[in-house]
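>>> Requesting a structural model of the entry that follows:
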Amino acid sequence: MWKYIKKYKLLFFISLLALLLVDFSQLLIPRIIGQIYDTLGEEGSFRFFLISGLKIAGLGLSVFAFRFFWRIFLIRMSRKVERDIRENLFYRLLTFSQHFFGKWNTGDLMARAINDINHIQRMFSFGIVSIFDAVVMGLMTLGFMLSYDVKFTLIAVSPLSLLTFVVLYFEKRIHRLSLLVQNRFSRLSTFVQEDFSGNFVLKSLNREEEEKNRFASVSRDYLDKNVRLGRIQALLHASITFIIAISNVLVIYVGGKNVINGITSKGDLIAFLSYLNMMVWPMIAIGFAINIHQRGRASLERVEELTGYKPVITDPPNPFLPEKKPETLSVEVRDLTFSFGEGAPILENVSLSIAPGETVGLIGRIGSGKSTLVKLLSRLLKTGDDTIFFNGVDINRYKLNDLRALISYVPQEPFLFSTTIRENVAYYDTSLDDEAVMEALRKADLSGTIEEMPAGLDTSLGERGVNLSGGQKQRMTIARAILKDAPFFIFDDSFSSIDTDTEERILTSLAPLFENKSVLIIAHRISTLRYADRIVVLDEGRIVEEGTHQELLEARGAYYDIFNRQKLEEKLGRE
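Down below sits the predicted model:
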């Protein structure tokens, strides 16, 4: 815990000092009250009562002031720690590759980033206060009690020794149940996130009632774990209260006998009972602290599981540093073989080159490895050394930021943020003016649609651009790539939701831009590739054919079969 606090140790120690002064001020009040009780009926006691009253008022003001300061400083510190942990988690998540996100559910990550960090914040604020206050207040109260009567104090606090066993018994159970509760919350978050994202699917399949029942089951499971945790917490608090009650009974019995026998004054007994009752808070605070600390510790373990995860893809120790961003890029793939873990190869002995100013098309059946190749080119997946080269340099030698700055990538599934059209298109460089944004949209054949919208570029998009059609979303991501204007363009089946006429207009408008660019277009439709300088056919992870559109048709191989099948599908579609 200290590694998170030490950055704000001044705030931490000031808050603890203020808390110490609060406790000390509170402990002086019962002594004054006891003295008042012992002087009742004595001559000249009014002056003593007035002075004592002013002392109590002054101590009350001290408690008010120092309590205000410790809360301000400690809560500020805990919120700063919370911010640091949340930012660190977010920055770490940004460094992780698809190897990581393929193993973790979005709902689980969201639960850890929000709910777990809230529990951590409470641990660093009221969790710390409860522990410190319980220890300091308990020891100081014990010291004041010992100053009255050592033997009487030992009798009074003897039942409190049972607390050690009670705490040890409940601590592990609370920690284990806290982990279970947090895991069930992650499961609930994942369920809700997936159902909201897949809302159209469950409605189209009339699965609303089934999903209600599934959600009720997951929600009940979460409730059950919380009830079990609450039951353990309630037993802990009840046990502490019972032990304190035993101490009170002993004090009243032994103290009453001492007053009757003249061993102890009535004022001292009143003060002693006040101190014993002031021990109630430290005892309850121990239970409170255990609950907060165990939930916070369980949450911290879950968050540190993510922050301690080592990214698979990182910057090399001695990176290649180009003097400036190149205006052109030659791409070469040499004998590339790739598989996920110990599985069968997704790509096998793939060799491919793209020269500046050349457009290469890539076609193949679903699952032939096209998108995997794109991810390897962008180092979204880890590839071996000496397999992919940019301008003759192994891509594993580039820093990730430098490498990806060379690529304008249009993904297979367009992703748009819940913000304005302008901010989505100019995402790479938000300083670009509206004219540059509209020019990119014109090249993507979308400017007319945007101009017809009442708010134009200021039109806000729903989640993932839900208020746009599939084709409009693809064209907007194409415009985003155009604005980046990198030397290497990759289109990963980026025209699949666009009709052939619109597709032809876009490719025609992009032709001048591509004059000195290296371009890789992946497509399922041959119409998208017919203007490519060269077409590569991929089948089951291997390159089976390569050539121009006309050369591949004359070869009457796999490309020819795809061409004929698509012509037949078009014909049947027209009929």
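>>> Tyr531: what's its closest spatial neighbour, skipping adjacent residues?
Leu507 (6.2 Å; Cβ to Cβ, 6 or more residues apart in numbering). To be clear about C-beta, it is placed using only N, CA and C from the backbone, and glycine gets the same treatment.
>>> Surely the one you found and Arg530 touch.
No. Using Cβ atoms under 8 Å, Leu507 is not in contact with Arg530; the gap is 9.5 Å.
>>> And those two? Which one has more around it.
Leu507 (20 against 16; other Cβ atoms under 10 Å).
>>> what kind of secondary structure is that one in?
helix (DSSP: H, G, I helix; E, B strand; the rest coil).
>>> quick one: it and Asp38, what's the gap?
For Leu507, the distance to Asp38 (Cβ to Cβ, to the nearest Å) stands at 99 Å.
>>> and what of Lys370?
Note on Lys370: its distance to Asp38, by Cβ to Cβ, is 92 Å.
>>> More neighbours: those two, which one.
Lys370 (23 against 16).
>>> Report the separation between the more buried one and Phe491.
11 Å.
>>> joint contacts of the two?
Any residue near both Lys370 and Phe491 by Cβ atoms under 8 Å, 6 or more residues apart in numbering counts here, and that gives Ile522.
>>> residue boundaries of the helices in the stretch 201-350 of the chain?
For the stretch 201-350 of the chain, the helices defined by DSSP state H, counting those that start in this stretch occupy 208-260, 266-278, 280-307.
>>> Just list what the longest one packs against, helices and strands only.
Based on contacts counted as 3 or more Cβ pairs under 8 Å, 6 or more residues apart in numbering; DSSP states H and E, the elements that helix 208-260 packs against are helix 150-157, helix 162-197, helix 266-278, helix 280-307.
>>> For this structure, give me the ranges with low pLDDT.
Residue ranges of the chain with pLDDT under 70: 1, 40-45, 164, 197-206, 280-281, 283-284, 287, 573-575.
>>> one step back: take the helices of the stretch 201-350 of the chain and write them to a markdown table, including mean neighbour count and distance to Met110.
Formatted as a markdown table, the helices of the stretch 201-350 of the chain follow (neighbours: other Cβ atoms under 10 Å; distance: least, Cβ to Cβ, whole Å):
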| stretch | mean neighbour count | distance to Met110 |
| --- | --- | --- |
| helix 208-260 | 15 | 15 |
| helix 266-278 | 20 | 43 |
| helix 280-307 | 21 | 12 |
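>>> Now do the domain split for the protein, please.
Domains of the chain are assigned by automatic domain parsing as 76-307, 331-574.
>>> start to end distance for the shortest one?
The reference is to domain 76-307. Across domain 76-307, the terminal residues are separated by 23 Å (Cα to Cα, to the nearest Å).
>>> so how far is that domain from its chain's centroid?
22 Å (Cα atoms, centre = their mean, to the nearest Å).
>>> got the contact list for the spatially most central residue of the chain?
Centrality entry for the chain: nearest residue to the mean C-alpha point is Ala113, 3.0 Å, by Cα atoms, centre = their mean. Counting by Cβ under 8 Å, 6+ apart, Ala113 makes contact with Arg86, Leu89, Phe90, Leu93.
>>> Buried ones from the residues you listed, can you make that a ChimeraX selection?
Selection of buried members from those for ChimeraX, criterion 16 or more other Cβ atoms under 10 Å:
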select :86,89,93
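>>> Go ahead and confirm Ser339 touches Pro345.
Yes. Ser339 lies in contact with Pro345 (Cβ under 8 Å); the separation is 4.5 Å.
>>> So these two - more neighbours on which side?
The residue with more neighbours, out of Ser339 and Pro345, is Pro345; 16 against 13, by other Cβ under 10 Å.
>>> The more buried one and Ser351, how far apart?
From Pro345 across to Ser351, the span is 14 Å (Cβ to Cβ).
>>> Which residue is the nearest non-sequential neighbour of Thr372?
Ile346 is the one closest to Thr372 (Cβ to Cβ, 6+ apart), at 4.9 Å.
>>> likewise Asp149?
Thr264 (6.8 Å).
>>> residues in contact with that neighbour?
Here Thr264 is in contact with Tyr148, Asp149, Phe152, Gly255, Asn258, Phe272 (Cβ under 8 Å, 6+ apart).
>>> Next up, the contacts around the second one.
Right, Asp149. Asn258, Thr264, Asp268, Phe272.
>>> Look up the closest residue to Pro319, ignoring the ones flanking it.
The nearest residue in space to Pro319 (Cβ to Cβ, 6+ apart) is Lys399, at 4.6 Å.
>>> my bad, should have said Ile246
Going by Cβ to Cβ, 6+ apart, Ile246 has Pro159 as its nearest residue, at 4.3 Å.
>>> Counting neighbours, what do you get for the one you found?
Counted with other Cβ under 10 Å, the neighbours of Pro159 add up to 17.
>>> cool, and Ser161?
If we define neighbours as other Cβ under 10 Å, then Ser161 has 9 of them.
>>> Also Tyr8?
20.
>>> Give me the next element, helix or strand, following the one helix or strand Leu59 maps to.
Using DSSP states H and E, Leu59 sits in helix 45-95. Following helix 45-95 in sequence order, the next helix or strand is helix 98-101 (DSSP H and E).
>>> neighbouring contacts of that following helix?
So helix 98-101 is contacted by Tyr309, Pro311, Val312, Ile313, Lys375, Leu380, Leu381, Lys382 (Cβ under 8 Å, 6+ apart).
>>> now, the most widely separated pair of those?
The two members of these with the most space between them (Cβ to Cβ) are Tyr309 and Lys375, at 19.5 Å.
>>> Find the residue closest to Ser368 in space, skipping its chain neighbours.
Leu538 (4.5 Å).
>>> how about the strands in the stretch 451-575 of the chain?
Assigned by DSSP state E, counting those that start in this stretch, the strands in the stretch 451-575 of the chain fall at 488-492, 518-522, 534-539, 542-547.
>>> circling back to that earlier point, quickly note the distance from the residue nearest to Ser368 to Arg79.
For Leu538, the distance to Arg79 - Cβ to Cβ - is 53 Å.
>>> who has more neighbours, these two?
A count of neighbours by other Cβ under 10 Å puts Leu538 above the other of Leu538 and Arg79, at 24 against 14.
>>> Spit out the contact partners of Phe49.
So Phe49 contacts Ile36, Thr39 (Cβ under 8 Å, 6+ apart).
>>> Quick check: it vs Leu27, distance?
21 Å.
>>> again with Phe152
Applying Cβ to Cβ to Phe152 and Leu27 gives a distance of 17 Å.
>>> again with Ile14
Counting by Cβ to Cβ - Ile14 and Leu27 are separated by 21 Å.
>>> And those two? Which one has more around it.
Using other Cβ under 10 Å as the criterion, Ile14 and Leu27 rank with Leu27 on top: 19 against 16.
>>> How about the contacts made by that one?
Going by Cβ under 8 Å, 6+ apart, Leu27 touches Met137, Met140, Thr141, Phe144, Tyr275, Met278.
>>> Asp492 now?
Contact partners of Asp492, counting by Cβ under 8 Å, 6+ apart, are Lys370, Ser371, Val374, Tyr409, Val410, Pro411, Gln412, Ile522.
>>> before we move on, what about Leu529?
Gly361, Ile363, Ile521, Ala523, Ile535, His549.
>>> rerun at 10 Å
Residues in contact with Leu529 (Cβ atoms under 10 Å, 6 or more residues apart in numbering) are 359-363, 495, 507, 521-523, 535-536, 549, 552, 559.
>>> isn't Pro30 right next to Asn277, touching?
Yes. If you go by Cβ atoms under 10 Å, Pro30 and Asn277 touch, sitting 8.8 Å apart.
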